[in-house]
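In: sharing a sequence plus its predicted fold:
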Amino acid sequence: MTNDNKKQLRKKGKLKTHVTFLEMYHLPLRHIPVPTKPTIALIRAENIPSRFYRYIYEMVGKQHHWEERRNLIDAKLYALVNHENTEISILYADGCPAGFFELNTENHPESIEILYFGLGKDYQGLGLGKWFAYAAISAAWAHKPEKITIQTNTLDHPAALQLYQRLGFSPVATADVEIEEWK
């Protein structure tokens, strides 16, 4: 979506977006090789301080107007991100936080949801996205669910929907929603 289109959709701090819900029933057969540059590490995070989660959430989500967790009080946020049904992995590039994904395992074994996934703006366009998405998918399939789910919308990275479909997700529903703009 172009900036002009985004401006046209703004109304009193609200943005209209088209959400696509996707599902996957089998781990993709093809393996995505680990990028060689920048130097990367993917680390599962535990006992995440609220301030660090807010940092990584804003780094990835502000440009896409993520809203669900941005105004939570610290105690509630800490409880959510450190809950037994939450699994968060942080991608580091050359030693710096570059992105994260978050799995929601609450509906296991029926499904695992990739609740959040993304790279910070400084780490987009470096060839990390496809491998990182595959890493999130592989982490979800490690739980052996019947399916994995993810959603994206027109405020996310313009290539997100296409990437998810190339990796094996199929759209199952759509919805038009309004969200609060993240200024």
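Out: The structure has been received and is ready for your questions. Residues are numbered from 1 along each chain as shown.

In: following element in sequence after the lowest-mean-pLDDT helix or strand in the chain, please.
Out: In the chain, the helix or strand scored least confidently by mean pLDDT, DSSP states H and E is helix 3-9, which has a mean of 52. Following helix 3-9 in sequence order, the next helix or strand is strand 14-24 (DSSP states H and E).

In: who touches that following strand?
Out: 6, 9, 65, 111, 137, 147-155, 161, 164-165, 167-181 (CB atoms under 8 Å, 6 or more residues apart in numbering). For every residue, glycine as well, the C-beta is placed using N, CA and C.

In: name the SS class of the residue nearest the centre of the chain, please.
Out: Compute the mean C-alpha point of the chain, and by CA atoms, centre = their mean the closest residue is residue 117, 1.5 Å away. Here residue 117 is recorded as strand under DSSP: H, G, I helix; E, B strand; the rest coil.

In: who does it bridge with?
Out: Per DSSP bridges, the residues bridged to residue 117 are residue 101.

In: correct me, but it touches residue 91?
Out: No. Counting by CB atoms under 8 Å, residue 117 does not reach residue 91; the two are 10.1 Å apart.

In: now the common contact residues for the two.
Out: Joint contacts of residue 117 and residue 91 (CB under 8 Å, 6+ apart) are 99-101, 132.

In: can you add pLDDT and neighbour count and give the residues you listed back as a markdown table?
Out: A markdown table is the format used below for the shared contacts of residue 117 and residue 91 (pLDDT from 0 to 100; neighbours: other CB atoms under 10 Å):
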| residue | pLDDT | neighbour count |
| --- | --- | --- |
| 99 | 98 | 26 |
| 100 | 98 | 26 |
| 101 | 98 | 25 |
| 132 | 97 | 27 |
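
In: which ones are touching the nearest residue to residue 48 once chain neighbours are set aside?
Out: The shortest distance from residue 48 to any non-neighbouring residue, by CB to CB, 6 or more residues apart in numbering, is to residue 81 (5.1 Å). By CB under 8 Å, 6+ apart, the contact list for residue 81 reads 48, 50, 53, 88, 102.
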